[in-house]
Structures are given as C-alpha cells and as structure tokens.
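Asks: Below are the sequence and a predicted model; questions follow.
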Amino acid sequence: MSRSKEKEIDDRFKKFGTVSFTSITKTNDFIGYLENGKIMGTRCKDCGINFFPPRADCYRCLSGNMEWFEVSGFGTLVTYSKLEYGPVGFDADLPYSIALLDYGDFKIFGRIAGNIPDNEIQVGMKMKAAANRLPNGQLNYVFQKV
Amino acid sequence: MGKVGIIGVGQSAFVRQYPGSIRELAFEGFKAGMKDAQITVKDVDASVICSAPEYDKQRSPAGVFAEYLGLNPQPTCYVESLCSSSSMGLRLAYSLVKSGLHDVVAIIGFQKMSEISSSESQERMGRGADIQWESPFGTMMPAYYAMYARAHMVQYGTTPDDLALIRVKSATYGQLNEMAVYRKAVTFDMFADPKDRMAAPVASPLRVGDCCANADGSSCIIVACEEKARKFSKKPVWILGLGAATTSVNLAGRDLFTGLTVAQEASRQAYRMAGISPKEIDVAEVHDCFTIAEMMAYENLGFAKPGEGKDLIRSKATYKDGDIPVNVDGGLLSKGHPIGATGGSQIRTIVLQLRNEAGAIQVKDPEIGLVHNIGGVGLYGNVTILGR
C-alpha cells in the first residue's frame, strides 16, 4: 500500500502520562506544546472563559472557537495524596503523589515532582506546574516548589 | 397520583469470590427479593438491571438476566452510574411506576468484581474518573478520596484517628451481619500498630483499614404503585424523597474538597420532596467506600455542621443506640462493596429497619430512613428517603 493512500492520523495524545488511555482528541496540540516545555489551556474566543484541562468546546456559549494560552505564574497546593500502590502500568513510578493546584482562574490536576521530600509538602504552599519527560519517553507535567 | 412503595428487598451474601456466573449471582438477590415480596414473576411488569460496566465478558447483561430470572417477555434495561447504579435504577423504576406505565418493577443490582484481578479492578475503578486528563498520572479511588481526607484534616482538624473510629464502628456491625464479606473485629489499637495490616498506608492519609472491601454480590428491590403495594404487602415502605446530582469528573473542575457537592445537592432535593429536615431521619445508610466518605456524608446530609462530623463519631452518635445511627449493617467498609449491588443493599437495610425486621442491628422503632449512595469520586450522588 502506498503511503499517500494512508490517512494521516494525529494520535499524539497517546504520549500523555505514564500510561495514556486516549490517543485522539481535538486538543492534541497540548502534547505538541508539552514537547516544547509549555503547559497550555484553552480560551473561548467568543465568551473569554479559560479552560484547564483544555477543551475543544465551550459549554457556556457552545462555541468551538478556541485559542491556546500558556499556564504561567504560580498555583496554591489545594490537596494531595502519596500513593503506595498504583494501578496496572504504574508500578515503576511508585511511590508518587498526585495533587491539585489552584491557579485562581482554573485548577490543575497532576503529580508533585518526585524530588520534593514529603516533609516539605504542605497544603497552601505555592507551586508551579512544569513540563516533564518520563523515563519511558512519555510526557506529563509535575508540580515544583517555587 | 398515588405513592410508590417498596414491597420486597433481597440480597445475596457479599463474598470475596462468588462461585458462579453473573446470571446465577443475580438470581440469588432476585430470589430473596421475590420471596420477601411473596409475588410471582407474572406480577413483575418490568426489570431494571444495574451494575458498573467493564467487569463482565457478557455484553448487555439485562436481556440475559431477564430470561434467567423468568422475566420474559417483560421489558428490561440497563442502568449505570458506577457505584450508585442501583439507586439510579430505583429512581428510574420510581418514574416508571409513578407515570403509570408499569405497576410493579424489580431493580436488580449486581457486580462480580472477582471476574478480574485486584490490580485490574483498581485500574477499572480509576477509569471511572477522567481518563483523558487524570488517569495518565496513575490515579486510584483511594487516592482521590485521600485528597478529600487531606483537605478535611487541614481545614477542620479531623485526624486519622477519627477515621479509624468510623472503621471500628463498621466492623462492630459487620460482625453481626451474616451477609457481610468482612466479619472480623477491627480495633482502634490495630491502627496504632505499624505492623498491623489495617495501619498500612495505601494513599496518604488513608490506610488499609480506611478502605472498603471489594466483593461479589447482588441485590434486589421491588417497587409497586400504591394500590398494588397495599395489595401485596402488609408493611410497604414508601419512597418519600429522591435526589440525584452530578458534578465535574475532573477534580480541577470542582471547588469543594471537604465534602461532596453531589451529596449536598441530592439530599437538598430529597429532603424537599419528602418535606422533612435532617433531624427527622431515624436511621441512615451512607456510602462509606472510605472512612472519609462517611465523615463527609455526616456533614453533607446535615447530620452535623461542616467540620463537625468528627464529633458524631467521637461521641458514638452514629452507633445503633445513638442519635443518628449510620451504617449499622457494617457499611461498605465491612459488609463489602459489590459496586452495582451496593445501593440496593443499602435500601434493603433501611427497609428492614423501617419494618422492624433488622434483628441484631435493629434501631429502636424508626419511622424515616435515608440512603446516600455515591458513584465514582463524588461524580454521581443519589439520596433516597424512605418512610413506613
């Protein structure tokens, strides 16, 4: 079969996280930005609402007219948990902490950077989300101290 | 329009590994419900089959069960809202009866969790959250609820010891429940002993003892229009209030981490429909998939003010002889949590309580009971108020 007849499939989202459960989404550009060290959300160009995680569709005005914006500045640690067990496929990462950061306009769910000692993690502390490459070549983002 | 009554309740024993197929498991709960109602399959006009998907090889179990339970040619359908599936099934059955479309409907909840391995099961349950934006970080149900526990502790001074007290209570009653999967005692000292399995960390600050037991099981609730309920049953239990709500699946879309908004909203609806306040509840079953979930339920249902849930368990107010007995059948923590069967089992417990047929766990002469059943990590909330 000639290559020209193959349909180009954009399945970049399969690179997100230790194990991705999604490969095709209209927000695949998120992965392109992440490759370049940027964490991006989407903004509805019609009504101005910011979304993180990024969405292709605005529920407020039903528009699909979105633009990307970069997550910048700091967030506040809302809560977290350190896992001693993980689901299938995550054993090599253990132990790790999942957490939620509040950026004011939106919140971000992710992981706390593995190099932060437990006794330095406190709810309410300022942290920032940063793009991260995992040992298995996958991409995610982690929360770092500021 | 008339009331809708519950005329029969039943469940299988909740067990670690059911030695049969899912249709045979469903039959156990159904048989118990039918015997309790003392009706025949000819009296049942429709069935609603409830479970969380992706545990079974069988696709579309509803049609398979309808045949196995002897409910052909009556219509059936499948309802799922993860762990609150059978409360959602009850909500659908209520509307089918209330609309006049059917007179008698059987709601059968089931789950055979042992169809897959424990780590596969954790993975399935984790995928009941946001698979696109959360699961790639390695999430699990205990870790999500642990995040709520952390927030509750930081904001209100709730402690791991308070959560342990909830587990001790559940185990007190799990020992009395022949249907329970976990029938051993759990003591406060076990949580203090780092070598004890109960104290082993799972997802901080939750420990093994804070987590419910997986189980296989089935449940059955049979509802009827007022006329048929009075004809078939000497002690019909009436559905007084129903509430249901949803919220953002991703925690990033939520604002409250010390409670579940779906429980607040569903209970507001249910109290309003029943025309009562939380003070009038005599006995309750709440969704204690984790100890923190029961703590938050106290507050979200209005049994305690926000942050004061810990006072209820410290004072033993939620024990059988307390002001507001909660989960005196062992709860999900000790009775076990076969996902799709859980809501039906909770409803069964409250119906038996209101009929004064709960045996060793009978609360003194209750008139109104409440069931709080949550799906996913507070993604779906169902609250049902029942009265005699």
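Replies: Nice, I can see it.
Asks: Every contact and neighbour count from this point should use C-alpha atoms.
Replies: OK.
Asks: so what's the closest residue to residue B:280 other than its chain neighbours up against?
Replies: Leaving out its chain neighbours, the residue that sits closest to residue B:280 by C-alpha to C-alpha, 6 or more residues apart in numbering or on different chains is residue B:368, at 7.0 Å. By C-alpha atoms under 8 Å, 6 or more residues apart in numbering or on different chains, the residues touching residue B:368 are B:280, B:281, B:282, B:283, B:354, B:385, B:386, B:387, B:388.
Asks: Now do residue B:368, the pLDDT please.
Replies: Reported pLDDT at residue B:368 in the predicted model: 98.
Asks: residues contacting the nearest residue to residue B:361 once chain neighbours are set aside?
Replies: Once flanking residues are discounted, residue B:361 sits nearest to residue B:328: 6.2 Å by C-alpha to C-alpha, 6+ apart. By C-alpha under 8 Å, 6+ apart, the contact set of residue B:328 is B:170, B:173, B:174, B:285, B:319, B:320, B:361.
Asks: Just give me the closest of the residues you listed to chain A.
Replies: Relative to chain A, the closest of the contacts of residue B:328 is residue B:170; by C-alpha to the nearest C-alpha it sits at 24.1 Å.
Asks: burial of that closest one, as a residue count?
Replies: Close neighbours of residue B:170, defined as other C-alpha atoms under 10 Å in any protein chain shown, add up to 28.
Asks: Would you agree it falls within a strand?
Replies: No: assessed by DSSP: H, G, I helix; E, B strand; the rest coil, residue B:170 does not belong to a strand; its assignment is helix.
Asks: sorry, back to before: would you turn the contacts of residue B:328 into JSON lines with pLDDT and secondary structure?
Replies: Formatted as JSON lines, the contacts of residue B:328 follow (pLDDT from 0 to 100; DSSP: H, G, I helix; E, B strand; the rest coil):
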{"residue": "B:170", "pLDDT": "98", "secondary structure": "helix"}
{"residue": "B:173", "pLDDT": "98", "secondary structure": "helix"}
{"residue": "B:174", "pLDDT": "98", "secondary structure": "helix"}
{"residue": "B:285", "pLDDT": "98", "secondary structure": "strand"}
{"residue": "B:319", "pLDDT": "98", "secondary structure": "coil"}
{"residue": "B:320", "pLDDT": "98", "secondary structure": "coil"}
{"residue": "B:361", "pLDDT": "97", "secondary structure": "helix"}
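Asks: Export those residues to a markdown table and append columns for distance to residue A:133.
Replies: Shown next, in a markdown table, are the contacts of residue B:328 (distance: C-alpha to C-alpha, whole Å):
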| residue | distance to residue A:133 |
| --- | --- |
| B:170 | 44 |
| B:173 | 49 |
| B:174 | 47 |
| B:285 | 45 |
| B:319 | 50 |
| B:320 | 53 |
| B:361 | 54 |
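Asks: can you give me the mean pLDDT across stretch B:289-299?
Replies: 98.
Asks: What lies in contact with that stretch?
Replies: With C-alpha under 8 Å, 6+ apart, stretch B:289-299 has contacts from B:142, B:145-146, B:148-149, B:163-164, B:166-167, B:210-212, B:258-260, B:263, B:286-288, B:304-310, B:332-333, B:337, B:372.
Asks: which of these come close to chain A?
Replies: B:146, B:148 (C-alpha under 8 Å from any C-alpha of the partner chain).
Asks: ok so, going back, need the worst-confidence member of the contacts of residue B:368.
Replies: Lowest pLDDT among those: residue B:388, 95.
Asks: Help me confirm that that one comes into contact with residue B:240.
Replies: No: between residue B:388 and residue B:240 there is no contact under C-alpha atoms under 8 Å: 9.4 Å.
Asks: which of the two has more neighbours?
Replies: Neighbours per residue (other C-alpha under 10 Å) separate residue B:388 from residue B:240, with residue B:240 holding more: 23 against 18.
Asks: Could you give the number of residues near the closest residue to residue B:193 other than its chain neighbours?
Replies: Distances taken as C-alpha to C-alpha, 6+ apart place residue B:199 nearest to residue B:193, at 6.5 Å, with adjacent residues excluded. Residue B:199 has 19 neighbours, counted by other C-alpha under 10 Å.
Asks: now do residue B:294
Replies: Residue B:294 has 26 nearby residues by other C-alpha under 10 Å.
Asks: Can you give me the separation between it and chain A?
Replies: 19 Å (C-alpha to the nearest C-alpha, to the nearest Å).
Asks: so which helix or strand takes in that residue?
Replies: Element membership of residue B:294, judged by DSSP states H and E, is helix B:291-300.
Asks: now that helix, how far from the chain's geometric center?
Replies: Relative to its parent chain, helix B:291-300 has a centroid offset of 13 Å by C-alpha atoms, centre = their mean, to the nearest Å.
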